[in-house]
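In: sharing a sequence plus its predicted fold:
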Amino acid sequence: MNFAADKISETVGIIIAIVFIGGIALEFVVARLLRKNYFSTTFLTINLSIASLQQLTDVISKVIFISAFIFVQQHYSVQQIFGWKPIVVTNPFSPFSLFQLANYFLVIVIADFCQYWLHRFSHEVNIMWAGHITHHSNTEYNYGVAIRQNALENIYTWVFFMPLAVFGIPWQMFVAAYAVSLVWQFLVHTRLVNRLGVLEVFMSTPSHHRVHHGKNPQYIDKNYGAFFIVWDKLFGTFEPEAEEVQYGITAPLQNQNPAWSNVHHHVSIFKTVVAERNWKQKLKWISGKPSSIYENVKTEFIATSAYTVQPEKKVYVFVNFLLVAISSFLVMNYYTQSGKLWVYGCAFAAVLICFSIFSALLENKKWADYAEVIRLVLFAGVGLALSFNQQLFKAGVVSVAVSVVLLLGTWVIAWRYQQ
């Protein structure tokens with residue numbers, strides 16, 4: 001089965017992309033019109049960079065997840081064990097079927113229960129928190145934060161959804177139903193919506209999820225629910241929103257480099273485990289509950305980076321981010337069609353380097369100024385080399401032209417620095 005080209009997954013992906021991009025743009029505009037300081041263009045660019053890296057690794061994790069899901073469903077589902085008829089993938093709207101719609105809703109409920117435990121373990125097991133912390137290591141709370149996801153997390157979190165495969169639920173049905181939950185999870189990441197009346201009783205709302213992102217002592221490790229909040233009320237992890245939420249993590253990141261944002265807690269755990277001589281303590285640092293094992297650890301003050309206030313520099317970085325992000329997804333599209341792993345590896349490494357330079361530019365790192373010029377010169381060189389290939393001539397010329405324009409842009413910004 002060529003699940004990469006499956007129409008259901010393609011349609012779901014397009015719908016989610018439209019909702020996410022449109023939602024971020026709309027919330028950004030509304031917040032500006034209401035004069036609410038909920039967004040900063042600097043953090044928006046960084047969050048989008050982290051999200052892009054996550055999408056690039058999702059190419060691999062999606063294959064792992066769906067392959068494992070199909071294998072379990074076809075060999076170890078209850079239908080296979082007891083000889084029952086397999087569940088057939090249907091469209092509940094063509095023709096409209098209330099029964100089939102109820103089946104999809106049941107899948108949402110089961111998946112949300114699995115999601116609750118995945119989310120809870122991601123906060124209460126230190127090595128899993130190392131992946132999930134990326135989503136929380138931002139002092140803002142908006143739709144940009146919603147897509148700020150760790151690039152490594154989805155490689156292993158798919159295991160928590162295997163019970164659906166055991167129940168014999170087709171992967172296409174799970175993807176379509178879970179997309180509804182995913183869109184809802186995105187929509188609750190906002191400060192523009194207050195309370196939602198009766199929905200507060202059983203749904204995870206913006207109010208409930210704001211609590212989840214709080215570093216206030218009473219808000220830590222609360223409200224894990226993705227679509228429903230009933231699981232938190234049932235298992236004792238619910239906390240209503242009372243005092244104003246302070247967003248972020250208790251030990252803020254020293255910088256927001258996308259690469260470092262993805263691995264900084266993994267590195268911290270590794271260093272601690274290597275230094276620790278007691279094997280019981282080593283295990284505790286890996287599998288213990290972060291809010292407990294770090295409770296008595298003295299945290300030194302960490303100075304956060306001072307971000308640029310130059311509007312020209314912010315625009316320059318954002319334009320470059322868009323160019324790199326679009327280029328990377330074009331390359332990924334080629335990779336999924338050709339299956340050439342070296343293309344994927346080169347593209348991912350290039351994107352990682354570019355995003356690291358961009359974040360350093362926003363943080364006013366001096367080395368980033370030189371690195372950016374070198375990056376553009378190399379890009380122009382690659383474009384020049386491509387122009388000698390008849391099939392890639394146009395792409396090469398465009399690459400050289402874009403590089404020259406951007407180099408002029410760096411000169412203008414540098415000139416403005418000196419004024």
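Out: Received the coordinates, thanks. Numbers count the residues shown, from 1 in each chain.

In: what residue lies at the spatial centre of the chain?
Out: Residue closest to the average C-alpha location in the chain (C-alpha atoms, centre = their mean): Gln149, at 2.1 Å.

In: so that one, which state does it fall into?
Out: In three-state terms, and counting by DSSP: H, G, I helix; E, B strand; the rest coil, Gln149 is coil.

In: distance of it from Ala251?
Out: Between Gln149 and Ala251 the computed distance is 20 Å (C-beta to C-beta, to the nearest Å). C-betas here are computed from N, CA, C, even on glycine.

In: for Val382, give its distance to Gln115.
Out: 42 Å.

In: so for those two, which residue has more residues nearby?
Out: Gln115 (24 against 16; other C-beta atoms under 10 Å).

In: with adjacent residues omitted, what lies nearest to that one?
Out: The shortest distance from Gln115 to any non-neighbouring residue, by C-beta to C-beta, 6 or more residues apart in numbering, is to Ala226 (4.5 Å).

In: list the contacts of the one you found.
Out: Asp112, Gln115, Tyr116, His119, Ser181, Trp184, Gln185, Ser204 (C-beta atoms under 8 Å, 6 or more residues apart in numbering).

In: any idea how far it lies from Phe186?
Out: 10 Å.

In: before we move on, what about Asn91?
Out: From Asn91 to Phe186 the distance is 24 Å (C-beta to C-beta).

In: same thing with Ile60?
Out: Separation of Ile60 from Phe186 (C-beta to C-beta) stands at 22 Å.

In: which of the two has more neighbours?
Out: Neighbour count, other C-beta under 10 Å: between Ile60 and Phe186, Phe186 has more, with 17 against 14.

In: can you list contacts of the helix or strand containing Val273?
Out: Assessed by DSSP states H and E, Val273 sits inside helix 258-275. Identification of contacts with helix 258-275 by C-beta under 8 Å, 6+ apart yields 46, 49-50, 53, 126-127, 129-131, 133-134, 137, 150-152, 253, 282, 285-286, 352, 355-356, 359.

In: and the angle for the following helix or strand past that helix with helix 258-275?
Out: Sequence-wise, the next helix or strand downstream of helix 258-275 (DSSP H and E) is helix 279-287. For helix 279-287 against helix 258-275, the angle by axes from the mean of the first three to the mean of the last three C-alpha atoms, to 10 degrees is 160 degrees.

In: list the helices and strands the helix or strand following helix 279-287 packs on?
Out: Using DSSP H and E, the helix or strand that directly follows helix 279-287 along the chain is helix 290-293. Helix 290-293 sits against helix 98-124, helix 126-136, with contacts defined as 3 or more C-beta pairs under 8 Å, 6 or more residues apart in numbering; DSSP states H and E.

In: using JSON lines, please lay out the ones you listed together with distance to Val19 and mean pLDDT.
Out: Putting those into JSON lines (distance: least, C-beta to C-beta, whole Å; pLDDT from 0 to 100) gives the following:
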{"stretch": "helix 98-124", "distance to Val19": "17", "mean pLDDT": "94"}
{"stretch": "helix 126-136", "distance to Val19": "18", "mean pLDDT": "96"}
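
In: can you tell me which of these is most buried?
Out: helix 126-136 (a mean of 22; mean count of other C-beta atoms under 10 Å).

In: orientation of that one relative to helix 279-287 in degrees?
Out: 30 degrees.

In: right, and the helix or strand after helix 126-136?
Out: Next along from helix 126-136, by DSSP H and E: helix 143-146.

In: check what contacts that following helix and list those residues.
Out: 20, 23-24, 27, 39, 43-44, 47-48, 135, 138, 185-186, 189-190, 213.

In: can we see that at 6 Å?
Out: Residues outside helix 143-146 that contact it (C-beta atoms under 6 Å, 6 or more residues apart in numbering): Gly23, Ile24, Glu27, Leu44, Asn47, Asn138, Phe186, His189.

In: nearest to Thr336, of those?
Out: Thr336 lies nearest to Phe186 out of the contacts of helix 143-146, by C-beta to C-beta, at 24.0 Å.

In: all good on my end, thank you.
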